[in-house]
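> all I have is the shape, not the residue letters:
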DNA sequence: CTGATACTGAGACTCAGTATCAAAAAGAAA
DNA sequence: TTTCTTTTTGATACTGAGTCTCAGTATCAG
Ligand SMILES: [Zn+2]
Ligand SMILES: [Zn+2]
Ligand SMILES: [Zn+2]
Ligand SMILES: [Zn+2]
């Protein structure tokens, strides 16, 4: 069992929740894919294997994975939610190609600290942030 | 006629579009309010005066205002779209209170230039960005 | 004025996400 | 293993934002 699965089981237990086959499937799929995926994409893929899987379960589970820091949420170019496995990954933000949808991750300690300073100065207690840059990736630069 | 209205008329004309009473009402309301407003809020308020106003017209017009830089779009804490009049306002980003919804504007030339540099380094052509910080504003710091 | 064209609004539709709730599964305890 | 409580599931209906369509209407250049 991977580290992530163990963390998930522990988290679930510690909150008095239950571990289920569906939750396991969803986590497994998210980890394996390594990409950003919409709940809808997860739902459709896994439903092929398990035709009884419910849409709501997928949404609920992804939210749960977010709570225990195994997944993180990114808003795509159309304003829709997307999840990526985030265990062991340090914080990062995204550049998102408006043509092909590809995301490029970036992280900048300097931006992060400027951000924190600005918030502090305005008396704002930061809970989370979203820093997304939209445009064209290098591959799509000259395409229609 | 305000500067903004003139710009709008010119833009509309230059694109071979037409100026209409509805578009004028919507722009007027956005300018007057000075806040961030959801399309739905604009729709409901203006519909009281003009019960025949259509929801689609509001969405279409706000999009048009965005195109000609008279309005800009901000995603709120729930992922919904919001517009603010932006003529003559330099670029800025937002800190959004998750409790009361209040937004505090900030701008940081240093963050902007770091951002641009990162994008350049990754061969990314920036079209726009979204930098939103969520948390509690100073007034809501100690409330439930 | 007139005609070409863009615009409007009613309403149907789409799509992401949520609420409900009875039936099923988990897991603790015996 | 069996029982019992609690959580989870999934079918389904629903919500709410936003889009599409299209027939009727308004705009504006000529
Ligand atoms: Zn960041
Ligand atoms: Zn691309
Ligand atoms: Zn900015
Ligand atoms: Zn507040």
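Sure, I can see it. All values reported here derive from a predicted model rather than from experimental measurement. Ligands and ions are numbered 1, 2, ... in the order given.

> which elements pack onto the strand ranked longest in chain A?
Longest strand of chain A, by residue count under DSSP state E: strand A:125-136. With contacts taken as 3 or more CB pairs under 8 Å, 6 or more residues apart in numbering or on different chains; DSSP states H and E, strand A:125-136 sits against strand A:71-75, strand A:93-97, helix A:109-121, helix B:109-121, strand B:125-136. Where C-beta positions appear, they are placed from N, C-alpha and C, glycine not excepted.

> which residues touch the fourth one?
Contacts with helix B:109-121, where a contact means CB atoms under 8 Å, 6 or more residues apart in numbering or on different chains, come from A:95, A:106, A:108, A:110-111, A:114-115, A:133, A:135, B:91, B:93, B:125-126, B:129, B:131.

> so it versus strand A:125-136, what angle?
40 degrees (axes from the mean of the first three to the mean of the last three CA atoms, to 10 degrees).

> contact partners for whichever residue of chain A sits closest to ligand 3?
Going by CB to the ion, ligand 3 is nearest to residue A:131 of chain A, at 8.8 Å. The neighbours of residue A:131, taking CB under 8 Å, 6+ apart as the test, are A:93, A:94, A:111, B:129, B:130, B:131, B:132.

> which residue ranges of chain A form helices?
A:3-14, A:21-33, A:39-49, A:55-67, A:109-121 (DSSP state H).

> may I see the ones you listed arranged in CSV, with distance to residue A:86, mean pLDDT and mean neighbour count as well?
Output for those, formatted as CSV (distance: least, CB to CB, whole Å; pLDDT from 0 to 100; neighbours: other CB atoms under 10 Å in any protein chain shown):
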stretch, distance to residue A:86, mean pLDDT, mean neighbour count
helix A:3-14, 10, 94, 14
helix A:21-33, 10, 95, 17
helix A:39-49, 15, 94, 15
helix A:55-67, 9, 96, 17
helix A:109-121, 16, 97, 14
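
> got the residues of chain A near chain B?
A:75, A:79, A:81, A:95, A:97-98, A:104, A:106, A:108, A:110-111, A:114-115, A:118-119, A:122-138, A:141 (CB under 8 Å from any CB of the partner chain).

> which of the residues you listed are close to DNA strand D?
Contacts with DNA strand D within the residues of chain A next to chain B, counted by CB under 7 Å from any atom of the strand: residue A:79.

> filtering the residues of chain A next to chain B by proximity to ligand 2, which remain?
A:97, A:137 (CB under 5 Å from the ion).

> that older thread, from residue B:87, how far off is the residue of chain A closest to ligand 3?
25 Å (CB to CB, to the nearest Å).

> quick one: stretch A:3-17 near DNA strand D?
Yes: judged by CB under 7 Å from any atom of the strand, stretch A:3-17 comes into contact with DNA strand D at A:12, A:16, A:17.

> ok, residues contacting that stretch?
Here stretch A:3-17 makes contact (CB under 8 Å, 6+ apart) with A:18-19, A:23-24, A:27-28, A:31, A:64-65, A:67-68, A:70, A:85, A:87-88.

> recalculate using a threshold of 6 Å.
Residues outside stretch A:3-17 that contact it (CB atoms under 6 Å, 6 or more residues apart in numbering or on different chains) are A:19, A:27, A:31, A:68, A:70, A:87.

> got JSON lines for the helices of chain A, with distance to residue B:5 too?
Below are the helices of chain A laid out as JSON lines (distance: least, CB to CB, whole Å):
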{"stretch": "helix A:3-14", "distance to residue B:5": "56"}
{"stretch": "helix A:21-33", "distance to residue B:5": "50"}
{"stretch": "helix A:39-49", "distance to residue B:5": "42"}
{"stretch": "helix A:55-67", "distance to residue B:5": "44"}
{"stretch": "helix A:109-121", "distance to residue B:5": "34"}
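
> what number of residues lie near residue A:93?
22 (other CB atoms under 10 Å in any protein chain shown).

> which residues touch it?
By CB under 6 Å, 6+ apart, the neighbours of residue A:93 are A:106, A:131.
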